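Participant: Coordinates only, no sequence provided:
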């Protein structure tokens, strides 16, 4: 099992999928046979994890989006997962991107290790602050905290980003193949080669649909959760905490700033990756029209490219959150505007409470 496989080969996810199986985030899938293995045992194994997550929903009063992904990987129909993974194998065989090795600094598992290190620092500081505030030991803080749920959410975000990046690099490879075919191929070979590229384009569109089906509700609930967490963090940062010493308050400040940075980095990482993937998809159609202009003297090639452009526009796909909203860069401003609005409201309510209970409060 090599950890050096490039993102251009979907088998790079094999070690990561094996690790995610421990948390039932992904179904048990055999990359060698392209089949799901032991589905009944997988469902039985996922049941205690569902109960654990469900108990934390009621214990911490927030919607645990991890339940959705566990259900879709164990209890519910896993056909979308099969579509996603089998299609990746078909595309890799068509584009001949299997057995590629990745550069050291671009290696997925090196980046995953760095992300785990940063996550460990973030969580460790949170434990320290809350343990000091409640006068808990580290073990008591670990037991009482939702670290398991936070870590599951972190792994799901990494998985989503990895799959989106996998789709993006294949669109990029598809575009480079289109340029190569249009510039170098003869007319009699061009029709067959572009037919293969159109099949890859349609298959990638099916993968986007499968991704939306698997992670659509997850993204929707995660956006709500992130918005709520950002409001809470800002509220902690700018509202004076009464009855704590300076050192403890400083630790809470640092912890909430780290939480804000952690949320925004995960948010930007996925949104920007999705937006750039859609740009690569649209570039394929733009290239079809561009080469129609450049090859205007060759009527046969122009006719082939015109058919391909029409086909591509028909099978154009976009990322969405269960069809409630489209996922692109515009969602960033929407989320931040809502967070700013609700933060102003909560800040005004806090000031009114201080004025009510503290006669000497000056704002």
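Facilitator: Done, it's in. Remember, predicted model here, so these are calculated numbers, not experimental data.

Participant: Show me the strands in this protein, by range?
Facilitator: Secondary structure of the chain (DSSP state E): strands at 29-30, 35-36.

Participant: would you turn these into a markdown table with distance to residue 235?
Facilitator: Any C-beta I mention is one placed from the backbone N, CA and C, and that applies to glycine too. A markdown table is the format used below for the strands of the chain (distance: least, CB to CB, whole Å):
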| stretch | distance to residue 235 |
| --- | --- |
| strand 29-30 | 42 |
| strand 35-36 | 45 |
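
Participant: which one of those strands has the lowest average pLDDT?
Facilitator: Taking each of the strands of the chain in turn, the lowest mean pLDDT turns up on strand 35-36, with a mean of 72.

Participant: That one - which strands sit beside it in the sheet, and in what orientation?
Facilitator: strand 29-30 (antiparallel) (DSSP bridges).

Participant: The strands of the chain into a markdown table, with extra columns for mean neighbour count and distance to residue 298?
Facilitator: Formatted as a markdown table, the entries for the strands of the chain read as follows, by neighbours: other CB atoms under 10 Å; distance: least, CB to CB, whole Å:
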| stretch | mean neighbour count | distance to residue 298 |
| --- | --- | --- |
| strand 29-30 | 17 | 45 |
| strand 35-36 | 14 | 45 |
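
Participant: Looking at those strands, which is nearest to residue 155?
Facilitator: Using CB to CB as the criterion, the shortest distance between residue 155 and those is 16.1 Å, found for strand 29-30.

Participant: Which among the strands of the chain is found nearest to residue 286?
Facilitator: In this view, the strands of the chain are compared for proximity to residue 286 by CB to CB, and strand 29-30 is the closest at 35.2 Å.

Participant: roughly how far apart are the nearest residue to residue 30 once chain neighbours are set aside and residue 9?
Facilitator: Counting by CB to CB, 6 or more residues apart in numbering, residue 37 is the residue found nearest to residue 30 once chain neighbours are left out, at 4.9 Å. Counting by CB to CB, to the nearest Å, the separation of residue 37 from residue 9 is 21 Å.

Participant: Next: residue 114.
Facilitator: 22 Å.

Participant: Give me the more crowded residue out of these two.
Facilitator: Neighbour tally, residue 114 and residue 9, criterion other CB atoms under 10 Å: the higher count belongs to residue 9, 20 against 10.

Participant: looking just at contacts, which helices and strands does the helix ranked longest in the chain meet?
Facilitator: Across the chain, the helix with the greatest residue count (assigned by DSSP state H) is helix 187-238. Using 3 or more CB pairs under 8 Å, 6 or more residues apart in numbering; DSSP states H and E as the contact criterion, the secondary-structure elements in contact with helix 187-238 are helix 66-73, helix 79-95, helix 147-184, helix 246-294, helix 299-314, helix 330-357.

Participant: These: which one's closest to residue 227?
Facilitator: helix 330-357 (5.5 Å).

Participant: Which other helices and strands does that closest one contact?
Facilitator: Counting contacts by 3+ CB pairs under 8 Å, 6+ apart, helix 330-357 is packed against helix 187-238, helix 246-294.

Participant: From the chain's centroid, how far away is the longest helix of the chain?
Facilitator: Computed by CA atoms, centre = their mean, to the nearest Å, the separation of helix 187-238 from the middle of its chain amounts to 8 Å.

Participant: how much does that helix deviate in direction from helix 246-294?
Facilitator: Computed by axes from the mean of the first three to the mean of the last three CA atoms, to 10 degrees, the angle separating helix 187-238 from helix 246-294 equals 160 degrees.
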